[in-house]
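Asks: Mind folding the following:
(chains A, B and C)
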Amino acid sequence: MRLGQEPATGTLKSAHAPTCPVPELPEVETIRRGLERELVGRRVEAAEACGGPLRSPSPLPLGRLAGRRFAAARRHAKFLLLDLDRGVLVVHLGMTGKLLFAAQGGPRRAHTHLVLRLDDGRELRYVDPRRFGMLRLYRDARDVEEARHYGIDALDPALDDAVLGALLQRSRAPLKAFLLDQTKVAGLGNIYACEALWRAGLSPRRLARNTPASRVPALRGAIVGVLHDSLAQGGTSFNDYVDHIGQPGRFLLDLAVFQRDGGACRRCDADVRRIVQSGRSTFFCPGCQR
DNA sequence: ATGATCTCCTGAGCGC
DNA sequence: TGCGCTCAGGAGATCA
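Replies: You can find the predicted model right below:
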């Protein structure tokens, strides 16, 4: 799932292991940093679409990609915003999306959807087996709907206790649903939402607006903390990606509750439980998350 | 307007 | 072993 080299042979293994490496904010940020080093300054010599359609609303206008040069790599929540000298290529990796560098003309992995031939002899490829990803090309950075529609990025320093508290007060959803709602705080997925609530000692079933003001700092600290911890380890994994194909950074992350139902909570020794909220698995400790 | 539910898709993992 | 079923997940569309 990371930015890396296309393996010479063999297939990606354990891509759908129980702790499936779904790209979330830390993974996307890690990839962004890699693209900043590897892609910015490169010119697209040719663009080719292949494979089935993604979730993109319309086919990518490939003609407008050719000849463009990458100027910057930004991120908003789980979206990569790749600025070109004219326009912006927006990438969402969905569940299984990967951006891979490969030698020009080399064998292509199944489910390759986009190939950008670069001016340095390489190709940048978008590979996505489940096709939940999204590729969109905008003429102007101000037109990027994904950035406008989404709420404040979870790692934006502007997300202070007062801002988070106000967002919580305006919501009638349970805390878990609140954290997954990208229009409120953007960037948390299922894993980090569960882990952040455990760290904060807050029940996922508690209504967001019933979060006492005194506990807002703990929740904000938990959100930022779990993302930073993961980011630190995602970066580690990124650096030696070539030797660890299919070994997600999250493997290294110390998960307290996610997919640990039936196990003992390390804080209070109660049994970790799994429930379903909004059609998504929630893992939490009923003993110490109130 | 808001929150809940459905939908898309593939492959892992299970039971038979 | 091999088939068929269930499940997981993010986000847009749709429903209540």
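
Asks: What parts of chain A come near DNA strand C?
Replies: Residues of chain A lying close to DNA strand C (Cβ under 7 Å from any atom of the strand) are A:20, A:22, A:24, A:55, A:57, A:77-79, A:92, A:94-95, A:130, A:132, A:146, A:149, A:180, A:182, A:189-191, A:259, A:279-281. C-beta coordinates here come from the backbone N, C-alpha and C atoms, glycine included.

Asks: Give me the pLDDT for the residue in the stretch 101-250 of chain A positioned nearest to DNA strand C.
Replies: When scored by Cβ to the nearest atom of the strand, the stretch 101-250 of chain A has residue A:189 as its residue closest to DNA strand C, at 2.5 Å. Note on residue A:189: pLDDT of 88.

Asks: and what of residue A:93?
Replies: Taking residue A:93 on its own, its pLDDT is 90.

Asks: picking up where we left off before, which among the residues of chain A next to DNA strand C are in contact with DNA strand B?
Replies: A:55, A:95, A:130, A:132, A:279.

Asks: Quick check, the fourth one in contact with residue A:97.
Replies: Translated: residue A:132. Yes: here residue A:132 reaches residue A:97: they are 7.4 Å apart, a contact under Cβ atoms under 8 Å.

Asks: Of the two, give the one with the bigger neighbour count.
Replies: residue A:97 (27 against 15; other Cβ atoms under 10 Å).

Asks: what pLDDT does that one get?
Replies: Residue A:97 is assigned 89 on the pLDDT scale.

Asks: avg pLDDT for stretch A:166-176?
Replies: 93.

Asks: how about that stretch: buried residues?
Replies: Across stretch A:166-176, burial judged by 16 or more other Cβ atoms under 10 Å covers A:167, A:168, A:171, A:173, A:174, A:175, A:176.

Asks: residue contacts, the fourth one?
Replies: Neighbour list for residue A:173: A:181, A:207, A:208 [criterion: Cβ atoms under 8 Å, 6 or more residues apart in numbering].

Asks: Counting neighbours, which of the residues you listed end up buried?
Replies: For those, buried by 16+ other Cβ under 10 Å: A:181, A:208.

Asks: What about the contacts of residue A:173, which are in strands?
Replies: Counting by DSSP state E, no part of the contacts of residue A:173 is found in strands.

Asks: Residue A:153 and residue A:88, how far apart?
Replies: Distance, residue A:153 to residue A:88, by Cβ to Cβ, to the nearest Å: 17 Å.
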